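Here's my sequence, what's the structure:
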Amino acid sequence: MDNIDIINLLKLRFAVYKEGCAKGLWPCLEDNAAKEYMTYLFPKSSNLAFYNLMVNIVQKTHEKFIPKEMYSLFKCPIQIEEELYAYLKSHLHEEIDLGMEPLDFIQSLATIVCDPKFDVVYIGQLSENIDNSLRVMAYHYANLLTNSSSCYPYFN
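Have a look, this model is predicted:
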């Protein structure tokens, strides 16, 4: 994957996490001081520890709707997860900066228009062009976060 795809995938994860927290879809780790606790426990790799905890929390909510054998924004094929982890590990002290509000970032990435769904939505296979798949996911997450539907996108 290109670095820009890795960065956009990470940004989309963080934006969906943050906006989902605001909507009450999953617990907000900043509210219960988990971020500070991670910094205390893992002073050199607290951002990575927080990231892993964030992904696990959001993935548990997704698993209530998405078949376990399928992938989602928060559970990608192992090759992609390894690339994300390697990128984060090499940028331990950098915060993921969206440059705007989380929902605005999601909507800015949602440039591919799809049929709106009100239930979980299968978006096909993760294409060679990861950017297109991210844009489709962003569209459905924007729908999820603005219309209070359960349209979690998933793929294989």
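
Tell me, please, the helix or strand in the chain that averages the lowest pLDDT.
Here the helix or strand of the chain ranked lowest by mean pLDDT, DSSP states H and E is helix 34-41, holding a mean of 73.

Which neighbouring elements make contact with the following helix or strand past it?
The C-terminal neighbour of helix 34-41 among helices and strands, as given by DSSP states H and E, is helix 46-63. Contacts defined by 3 or more CB pairs under 8 Å, 6 or more residues apart in numbering; DSSP states H and E place helix 46-63 against helix 3-22, helix 34-41, helix 78-90. For glycine as for every other residue, the C-beta is placed from the backbone atoms N, C-alpha and C.

any chance of those in TSV, plus mean neighbour count and distance to residue 106?
Shown next, in TSV, are those (neighbours: other CB atoms under 10 Å; distance: least, CB to CB, whole Å):
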stretch	mean neighbour count	distance to residue 106
helix 3-22	18	5
helix 34-41	15	21
helix 78-90	13	18
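
Spit out the contact partners of residue 4.
Contacts for residue 4 (CB atoms under 8 Å, 6 or more residues apart in numbering) come out as residue 131.

Residue 146 too?
Here residue 146 is in contact with residue 103 (criterion: CB under 8 Å, 6+ apart).
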